[in-house]
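Trainee: need coordinates for the following:
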Amino acid sequence: MKSLHKLLALVFVLGVAVSCQQGNSANLKQETMATETTPNTQTGDFYTFKMKTLDGKDVDFSQYKGKKVLLVNTASECGFTPQYEDLQQLHETHGDDVVILGFPANNFGGQEPGSNEEIASFCQKNYGVTFQMFEKISVKGEDQHPLYTWLAQNAPDHEEPSWNFCKYLVDENGKVVAFFPSKVKPMGEEMLSAIQQ
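Mentor: Alright, predicted model coming up:
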């Protein structure tokens, strides 16, 4: 009788194991199918993006064809916020060489809490910003904007912003050619050298 109980217990355990294995295979198959049918928002090129400025105007990135573009994730309450001044100076002195695009983001330390209107006012009043500023987005994490997903996937070492005021340089052909961490100053030698290459 004990042998029969052991045999039944073994059959039960094996049945559960097989059932679990089939369930895992089905789940894996469903996940694979979901991955295959989900559109890849990172395909295409830099010039396919369209975004809104802080004041709600649509901008088609195709207008940047043939130009170098510096994209910066910005914040109003950060230790690097004074880089707005250098970015504006870079825009004024090297605007023929590079287009500057600012992207306010609240991803790091909650240092960009304001609305689009508040950000626009802050940038104008404190730094006289005239380069293009876009609506607030997420540059990292689950809600990362597709532009920043594309930038990270296409950057030389697949870098993502680790803090405010990280910078991507896109060349005249829409290729991401450089990533600069927050500490690299917009008017510094490293940046100017990359822009002038």
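Trainee: where does the closest residue to residue 180 other than its chain neighbours land on pLDDT?
Mentor: With Cβ to Cβ, 6 or more residues apart in numbering as the criterion, residue 180 has its nearest non-adjacent residue at 4.2 Å, and that residue is residue 167. All C-beta spots, glycine's among them, are computed from the backbone N, C-alpha and C. Listed pLDDT for residue 167 reads 99.
Trainee: ok, residue 167 to residue 121 distance?
Mentor: Residue 167 sits 24 Å away from residue 121 when distances are taken as Cβ to Cβ, to the nearest Å.
Trainee: that older thread, and the residue nearest to residue 180, how many residues sit next to it?
Mentor: Neighbourhood size, residue 167 [other Cβ atoms under 10 Å]: 22.
Trainee: what does residue 154 give?
Mentor: 17.
Trainee: which residues touch the closest residue to it other than its chain neighbours?
Mentor: Sequence neighbours aside, residue 176 is the residue nearest to residue 154 in space, at 4.5 Å (criterion: Cβ to Cβ, 6+ apart). The contact partners of residue 176, taken as Cβ atoms under 8 Å, 6 or more residues apart in numbering, are 46, 151, 154-156, 168-170.
Trainee: for residue 125, state which of those residues is nearest.
Mentor: Of all those, the one with the least separation from residue 125 (Cβ to Cβ) is residue 168, at 27.0 Å.
Trainee: so that closest one bridges to which residues?
Mentor: Taking DSSP bridges, one finds residue 71, residue 179 as the beta-bridge partners of residue 168.
Trainee: got a list of what it touches?
Mentor: Residues in contact with residue 168 (Cβ under 8 Å, 6+ apart) are 70-71, 151, 155, 176, 178-180.
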